[in-house]
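Visitor: Return atomic coordinates for the entry below.
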Amino acid sequence: MEAPKSLIDKINAEFTTSLHFASPLPSSRTTEFDLVRGVLQILQGFSSSLFYWDRIRQRYRAKDGLYVTHLSQTCLSMVLDQFVYSATCLKLVEITVGKMQERSPPPTLRAFAQSVSAWLAKLRDIASKEEVKMTGTTPTILGLASSLTSLCSGAEYLLQIVHGAIPKDYIEGGTRVSSAEMAVHILNRLYEKLNDACLVQGGEEDSYRMLLYIFVGCLLPYIEVLDSWIFEGILDDPFEEMFFYANKAIAIDEAEFWEKSYLLRSTQHKKLNMAHVTLKKIPVSSKTKGQNERDLMVCPLFLKDIAKEIISAGKSLQLIQHVPITSSSALVSRHDDTKRCMTQLSLSEIFCLSLTALIGHGDHMSQFFWQNDKIVSASESCVGTSCSEKIWYKFLVDGLPAKRECVNVNGDNEISLEPVVSSFCPENPTITVCQKLLQANTGEWNTLNLSNNYILPPLNDEELRKAIFDGTTPNGTNYASGFPFGDSEIVHSRHGIKVVEALCPFPTVLPSFKEDLLISELLPFQKNSTLVSKFLSWIQTAEPKSTPLPVVILRECLTFYIKKQVDNIGSQILSKLLRDWKLMDELGVLRDVYLLGSGDLLQHFLVVVFKKLDKGESWDDDFELNTVLQESIRNSADGTLLSSPDSLVVSLTKMDVQQTSTSSSFVASSPRKARAQTSGINDLDSLKFTYKVSWPLELIANAEALNKYNQVMNFLLRVKRAKFVLDKARRWMWKERGTTTVNRKHRWLVEQKLLHFVDAFHQYVMDRVYHSAWSELCEGMAAAGSLDEVIQVHEAYLLSIQRQCFVVPDKLWALIASRINSILGLALDLYSVQQTLSSGGTVAAIKARCHKEVDRIDKQFDDCMAFLLRVLSFKLNVGQFPHLADLVTRINYNNFYMSDTGNLITAPPASDSVKFKLAKTVSV
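Guide: Model (predicted):
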């Protein structure tokens with residue numbers, strides 16, 4: 001034990017009454033120079049003689065008993081702790097990144113690891129430069145603390161980012177999670193972190209720049225998949241990171257393609273919970289509640305609002321590309337339709353350029369790419385700009401020449417046999433790398449050309465040939481002269497050499513490589529382009545002029561261009577639908593068939609079916625019905641509406657017992673016509689018409705839509721049958737015009753009331769359903785901007801005609817429909833009465849029952865009318881469904897049943913008074 005002799009021991013002695021302390025071992029003593037060098041080494045990730053990595057506690061530790069003579073242990077510990085902590089943070093980041101890269105991570109996770117590694121290398125490079133500066137100087141540990149402030153703060157912040165984006169359980173391999181969940185979790189956490197860091201104070205720009213760099217790096221793989229999807233219609237997502245996926249069970253030419261071909265990924269949790277992760281799959285067009293669906297969607301926060309539009313855009317492109325080409329003009333239009341709106345630049349390049357302009361100069365690139373309400377090409381956007389000194393402009397100009405050469409198409413068919421040195425040579429990447437060297441040494445091209453090195457040199461075998469051939473061929477072997485070919489073979493060989501030389505110039509050139517050269521610098525202008533690499537390098541050192549919110553960054557630099565492309569694809573698909581695929585013509589056919597717009601088309605078929613119902617004949621044979629239907633179509637003047645007669649097929653479906661109409665009490669009293677009279681107004685509901693809609697229009701008029709059309713058609717057939725039987729009953733009653741009795745007059749009035757209602761209701765249906773609803777459909781189609789909106793407009797059209805025909809699944813509407821069906825059923829009852837009387841009903845008892853039946857029909861009709869007018873007037877009074885005003889006006893013509901004040905006008909209750917008034921009228 002040595003006696004204390006240092007300054008520290010003397011100071012301690014003053015406060016401890018000369019009590020001696022143990023002096024540190026000489027081997028633990030170090031100089032400040034070595035201490036500074038050791039600190040810089042651990043900041044670079046290395047261990048040294050003074051510091052080492054503790055694998056158990058996962059931290060850097062200083063050597064036990066380490067001291068310097070001029071600093072106390074407390075002071076030295078305080079100074080070293082910040083460096084040891086920062087070095088530990090960087091080492092933990094390195095270890096975490098290494099574990100991620102060992103697991104073959106998906107693109108977004110790999111991009112996160114690469115971005116973090118790049119920033120880690122940037123921070124450690126600061127320590128490396130400080131170590132280089134130590135040569136020839138006397139560094140101090142306190143001076144090092146001031147010069148490495150940004151490194152220490154950046155190390156801690158970088159570790160926070162890594163731990164926030166990647167849960168520890170996932171790194172340790174304790175849990176498994178899908179690539180989509182992990183990608184969305186990383187992007188959302190970085191987005192939220194960047195949102196918190198955007199309001200930086202002075203001196204804190206490094207944190208914002210670090211977050212922005214990592215966020216952009218992680219976002220680029222996502223953007224590349226979006227680029228191929230919305231510009232080419234290809235889902236290039238082998239790692240399944242996107243918020244939607246392809247359902248391979250559904251082909252593009254199937255009717256369910258639009259609904260089920262691409263499905264959204266969903267989860268039960270908003271945030272990633274590694275212990276309880278469950279995935280669900282829901283269709284894109286699911287009818288679930290919008291907010292719940294948004295919460296379940298595995299989609300980045302900043303893309304949720306346009307997620308469905310993005311999916312629809314790619315599907316629309318696939319439809320456009322899948323349609324068979326019918327002409328050369330169609331081929332040209334397809335090429336024009338599917339090309340990129342912003343030629344020469346990918347979506348990731350546009351994103352990087354826009355972000356450079358936004359944070360570097362406060363410029364909005366959208367004003368250059370979006371001019372006169374249309375997107376212009378990148379080369380056109382550069383013309384006339386006064387931004388030549390701005391960094392984003394330099395990035396754009398540097399990338400455009402090669403892009404222009406790559407997409408340039410020459411109209412000449414001649415092949416130039418001279419080697420061309422361009423800045424982009426896809427068939428020979430070496431030329432791309434060496435283009436500056438070749439352009440600077442054009443005089444050496446001849447020595448590098450293939451034609452000068454293709455032919456072997458002479459063999460100098462003159463003496464050998466003389467000995468063999470006795471001097472008859474003194475010349476030696478010279479391949480340049482074409483030996484052993486003839487003249488034609490020589491010319492053909494030389495031409496072939498020139499062609500190969502033009503296709504692959506300078507095949508022997510080798511590039512000079514630099515250390516740590518990026519692949520994008522070696523092979524520029526690919527998807528991982530030089531522009532993106534330059535941007536990422538620039539953002540590491542650039543001082544941002546502004547720190548915009550991430551929502552502003554993504555709106556100005558990404559979603560703006562996505563929405564424009566989505567709108568562009570929407571206009572293309574609408575043009576195809578309305579012009580090439582004749583959507584409105586096909587919907588017009590459905591309108592003529594299912595809404596009975598073409599009365600001549602199904603007239604013969606309906607007459608046959610109505611007669612079978614009247615006669616009580618069997619009509620449950622599908623083959624016979626279809627034979628009659630095809631005959632009706634062929635004999636119709638509107639038969640050309642259908643592409644082929646067999647495109648419309650009818651079938652019979654089983655009816656629910658509750659839907660069958662009940663026969664009146666009068667039916668049983670007519671044994672001669674009992675079988676015929678048991679048919680009710682709902683019997684025609686068993687008819688189901690199926691029309692084969694051409695692809696791809698069946699994506700809009702699908703099976704569900706045809707079911708709705710059938711519901712409306714069944715209702716219209718009831719009205720048509722009621723009108724048919726009333727017209728037939730009128731003809732029978734007209735034959736009795738020679739006899740005038742009170743009962744006959746009453747029966748005429750009842751028939752007129754029923755006929756007025758049926759005619760008025762039929763006119764209302766044709767005006768509102770056939771004409772007004774169609775006009776609204778045409779207006780909606782003209783205003784639609786995508787196929788999704790077209791489908792919505794068509795669904796709204798179907799809902800409108802269903803509501804106007806009272807076949808929507810609503811309780812009040814069902815009550816109204818039941819009263820209307822009752823009135824239509826009364827028309828059948830009156831027809832049965834008239835049929836009985838006209839067929840020889842001279843028996844007094846039968847006549848009496850007929851008269852009672854007419855009284856019942858009259859009373860029941862008045863009750864139904866009173867109910868309808870009360871309900872419809874109430875709907876009008878509260879301002880709902882104004883189209884019902886037309887119906888009320890028609891059935892209550894001249895206020896016959898209800899006054900303007902809403903009071904019902906009823907006839908005297910006693911049937912005797914009615915007979916008395918009728919008798920008085922007859923006598924007059």
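
Visitor: From residue 172, how far out is residue 93?
Guide: 16 Å (Cβ to Cβ, to the nearest Å). The C-beta positions use only the backbone N, C-alpha and C, and glycine is treated the same way.

Visitor: between those two, which one's more packed in?
Guide: residue 93 (22 against 9; other Cβ atoms under 10 Å).

Visitor: Give me the neighbour count for residue 391.
Guide: 17.

Visitor: Equivalent analysis for residue 51, please.
Guide: Quick note: residue 51 (other Cβ under 10 Å) scores 22 neighbours.

Visitor: if you skip the residues just before and after it, what's nearest to it?
Guide: Leaving aside its sequence neighbours, residue 51 sits nearest to residue 42 (Cβ to Cβ, 6 or more residues apart in numbering; 4.7 Å).

Visitor: so that neighbour makes contact with residue 60?
Guide: Yes. Judged on Cβ atoms under 8 Å, residue 42 makes contact with residue 60 at a distance of 5.3 Å.

Visitor: for the stretch 201-350 of the chain, what are the low-confidence residue spans?
Guide: 201-204, 268-295, 324-344 (pLDDT under 70).

Visitor: Swap in 80 and give it another go.
Guide: 201-205, 267-297, 323-344 (pLDDT under 80).

Visitor: The stretch 351-500 of the chain now?
Guide: For the stretch 351-500 of the chain, the ranges with pLDDT under 80 are 365-389, 396-462, 464-500.

Visitor: Please apply the same query to the stretch 501-650 of the chain.
Guide: 501-530, 597-600, 614-616, 618-620, 637-641, 643-645.

Visitor: Count the residues that sit near residue 613.
Guide: 20.

Visitor: For it, give its distance to residue 854.
Guide: Taking Cβ to Cβ, one finds residue 613 at 22 Å from residue 854.

Visitor: cool, and residue 587?
Guide: On the measure of Cβ to Cβ, residue 587 and residue 854 end up 44 Å apart.

Visitor: So between the two, which is more surrounded?
Guide: residue 854 (24 against 21).

Visitor: which one is that one nearest to, not counting chain neighbours?
Guide: Nearest non-adjacent residue to residue 854, counting by Cβ to Cβ, 6+ apart: residue 747, 5.2 Å away.

Visitor: in which helix or strand would I find the one you found?
Guide: Here residue 747 sits within helix 742-765, counting by DSSP states H and E.

Visitor: That helix - what's its average pLDDT?
Guide: Here helix 742-765 scores 81 as its mean pLDDT.

Visitor: Go ahead and measure how far the host helix or strand of residue 818 is from the middle of the chain.
Guide: Taking DSSP H and E as the criterion, residue 818 maps to helix 811-838. Mean C-alpha position of helix 811-838 versus that of the full chain (Cα atoms, centre = their mean, to the nearest Å) differs by 50 Å.

Visitor: What residues of that helix count as buried?
Guide: Across helix 811-838, burial judged by 16 or more other Cβ atoms under 10 Å covers 813, 816-817, 819-837.

Visitor: does residue 90 really touch residue 120, like I thought?
Guide: Yes. Between residue 90 and residue 120 there is a contact under Cβ under 8 Å: 6.2 Å.

Visitor: Identify the contacts common to those two.
Guide: residue 158 (Cβ atoms under 8 Å, 6 or more residues apart in numbering).

Visitor: more neighbours, those two?
Guide: Counting neighbours by other Cβ under 10 Å for residue 90 and for residue 120 shows that residue 90 has the greater number, 26 against 21.

Visitor: which SS state does the more buried one fall under?
Guide: helix (DSSP: H, G, I helix; E, B strand; the rest coil).

Visitor: Kindly state the pLDDT recorded for it?
Guide: On the pLDDT scale, residue 90 gets 94.

Visitor: Let's see stretch 53-62 as PDB, backbone CA atoms only.
Guide: Only the C-alpha atoms of stretch 53-62 are listed here, as PDB (Å, rounded to 0.1, in the frame of the first residue of the first chain):
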ATOM      1  CA  TRP A  53     -18.800  -4.200 -23.800                       C
ATOM      2  CA  ASP A  54     -20.600  -6.000 -21.000                       C
ATOM      3  CA  ARG A  55     -22.600  -8.700 -22.800                       C
ATOM      4  CA  ILE A  56     -24.600  -9.600 -19.700                       C
ATOM      5  CA  ARG A  57     -25.800  -6.100 -18.900                       C
ATOM      6  CA  GLN A  58     -25.700  -5.000 -22.500                       C
ATOM      7  CA  ARG A  59     -23.800  -1.800 -21.900                       C
ATOM      8  CA  TYR A  60     -20.300  -0.300 -22.200                       C
ATOM      9  CA  ARG A  61     -18.300  -0.200 -19.000                       C
ATOM     10  CA  ALA A  62     -15.100   1.500 -18.000                       C
END
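
Visitor: In it, which residues are buried?
Guide: Buried residues in stretch 53-62 (16+ other Cβ under 10 Å): 53, 60, 62.

Visitor: pretty sure the second one contacts residue 87?
Guide: Yes. In this structure, residue 60 is within contact of residue 87 by Cβ under 8 Å, at 4.9 Å.

Visitor: joint contacts of those two?
Guide: By Cβ under 8 Å, 6+ apart, the residues touching both residue 60 and residue 87 are 42, 51.

Visitor: Where do the helices of the stretch 551-700 of the chain begin and end?
Guide: Secondary structure of the stretch 551-700 of the chain (DSSP state H, counting those that start in this stretch): helices located at 560-575, 583-594, 603-615, 622-634, 674-677.
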